[in-house]
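Asks: Sequence first, predicted model second:
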Amino acid sequence: MTTRILPAVGDPDATRSITTLLSQLPAAEPGPPVTDSTTLLDTLARLAAESLDELPEVVLVHERIGPVPALELIREVALRFPAVGVVLITADASPGLFSAAMDSGARGLIGLPLSYEELAARVQAAAQWSAGVRRHLGRGGDVFTGPGGQVVTVTGAKGGVGATLTAVQLALAAAASGRRTALVDMDLQAGDVASYLDVQFRRSMADLAGIQDISPRVLQDAVYDHRTGLALLLAPAEGERGEEVTDRAARQIVSAMRNRYELVVIDCGTHLDGANAAAVEMADTAVLVTTPDVVAVRAAKRMVRMWERLQVRKAEETTVIVNRHTKNTEIQPALIEKITKTRVARIAVPAAFKELQGVVDAGRVQDLDNRSTVKQALWGLAGELGLTKGPEEDGAGAGPAAGSRGRAKALALRGGGGDRGSIGVWRRRGGSGSGSGSGSRSGAGSPAGEG
């Protein structure tokens, strides 16, 4: 049996050493090395979505992989891809680290400097374990595609661009199309999702921050079931409690939400901290909201560059939504795409705050009229981003661009949906970065609340 091995190594010298030894293993098929945790998770997600047969049997994780710490990365891989055997490569082969690696879900540990015999033994053991798990669970189900669903983060380029309302409407569109959807408010110091949806609830994300193992029962106690069908995980009412949600806590919370819901939409605010950076990195789709003015576009470019420097997300893997768009503005979406080097969504949200003012002031944006051009645009964007599901004939035969335009109005009027495209193949395609995140805070009765 051929053993497919995917090394995740950030150090160039270690990469050469591992690649050389792997090429000497009998019946081994090493994949192209990935250099960071973001690329690894995205690669595995692509392969799992394609087929179980495309997933590697063994993943080698080097101790100096980044930006996610190695043990946290192993935990994430073991949780999302339970039939993949993960082996940690480290210079510290102490019993304490071995125990921590096993607790995180690793199937073995290889000490540095590498030896051929130890590498061969650990890879073989992990591959046999992986094959046994796959035989036991069967090859036909979705169990190997990783538990849970899609994570989408919505970030505001700056305050007042309408990211919170965008996140809410995207989530409402997905829920209306029949997807089990959660909306998470990760604008930890200034979250407004509860105000927009007329919710008062004493539990928040901060209540989950100190819990090591978030069970379904614990998660359910912290989630508010809204009458629209959304499951809400809110920001703490006391902004200072936002500091309790660390990047590690955020990863655990997002993973727990992903395991329970088909779609998780995260409003990350405009301030980048460890928690929402982790969410942006983990996300399948990262949305950045801006308006067509010089200050907001500069802020969008600044945010994208910061994500790249911190290895959170690459510019080309970020989707920009242009809000408050008019045909007469000098800055059009094509120019924003050129400046930020991102992908700009085909559907722009029109400048029509008068349609929103009543529901924003009342704190009931879920009651926005179906005839609203803002709602039609945002629900159309949900289809374009693949957040909704609906009849296969929607947009059929017209190409992706025409399909999205054709569904824009229908999504708002009848809660229809879009289709998710197929992704990834094991040997042909490498991974890409994960996640975005920060939804902007929007005040009632001002342009900050506009879609």
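Replies: Good, I have the coordinates.

Asks: Next, count neighbours for residue 354.
Replies: 10 (other C-beta atoms under 10 Å). From N, CA and C alone the C-beta is placed, and that goes for glycine too.

Asks: just so I have it, where are all the strands in the stretch 1-150 of the chain?
Replies: 3-8, 28-30, 58-62, 85-90, 108-111, 150-156 (DSSP state E, counting those that start in this stretch).

Asks: Just the buried positions in the second one, please.
Replies: Neighbour-count burial for strand 28-30 flags 28, 30 (criterion: 16 or more other C-beta atoms under 10 Å).

Asks: Just checking: what are the partner strands of it?
Replies: strand 3-8 (parallel) (DSSP bridges).

Asks: so who does the nearest residue to residue 10 once chain neighbours are set aside touch?
Replies: Distance criterion C-beta to C-beta, 6 or more residues apart in numbering; nearest residue to residue 10, sequence neighbours excluded, is residue 65 at 4.9 Å. By C-beta atoms under 8 Å, 6 or more residues apart in numbering, the contact set of residue 65 is 8, 9, 10, 36, 37, 40, 73.

Asks: So the second one is in contact with residue 60, correct?
Replies: Yes - judged on C-beta atoms under 8 Å, residue 9 makes contact with residue 60 at a distance of 7.3 Å.

Asks: any shared contact partners between these two?
Replies: 18, 89.

Asks: between the strands of the stretch 1-150 of the chain, which gets nearest to residue 124?
Replies: If you check each of those against residue 124 by C-beta to C-beta, strand 3-8 wins as the nearest, at 7.5 Å.

Asks: What lies in contact with that closest one?
Replies: Defining contact as C-beta under 8 Å, 6+ apart, one finds that strand 3-8 is touched by 15, 18-19, 22, 25, 27-31, 33-37, 39-40, 43-44, 55-62, 65, 73, 123-124, 127, 426.

Asks: can I have that strand written out in PDB, keeping just the CAs?
Replies: Output in PDB follows, covering the C-alpha atoms of strand 3-8 (Å, rounded to 0.1, in the frame of the first residue of the first chain):
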ATOM      1  CA  THR A   3       1.500   5.900   2.000                       C
ATOM      2  CA  ARG A   4       0.800   9.500   1.200                       C
ATOM      3  CA  ILE A   5       2.700  11.900   3.400                       C
ATOM      4  CA  LEU A   6       2.200  15.600   3.700                       C
ATOM      5  CA  PRO A   7       5.000  17.400   5.600                       C
ATOM      6  CA  ALA A   8       4.200  20.700   7.300                       C
END
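
Asks: I'd like the mean pLDDT over that strand, please.
Replies: Averaged over strand 3-8, pLDDT sits at 94.

Asks: same question, stretch 89-104
Replies: When pLDDT is averaged along stretch 89-104, the result is 90.

Asks: Flag the shaky bits of the chain, pLDDT-wise.
Replies: Where the chain drops to pLDDT under 70, the residues are 137-148, 390-451.

Asks: Okay, helices next: where are they in the stretch 201-350 of the chain?
Replies: For the stretch 201-350 of the chain, the helices defined by DSSP state H, counting those that start in this stretch cover 216-222, 247-260, 274-282, 294-309, 333-340.
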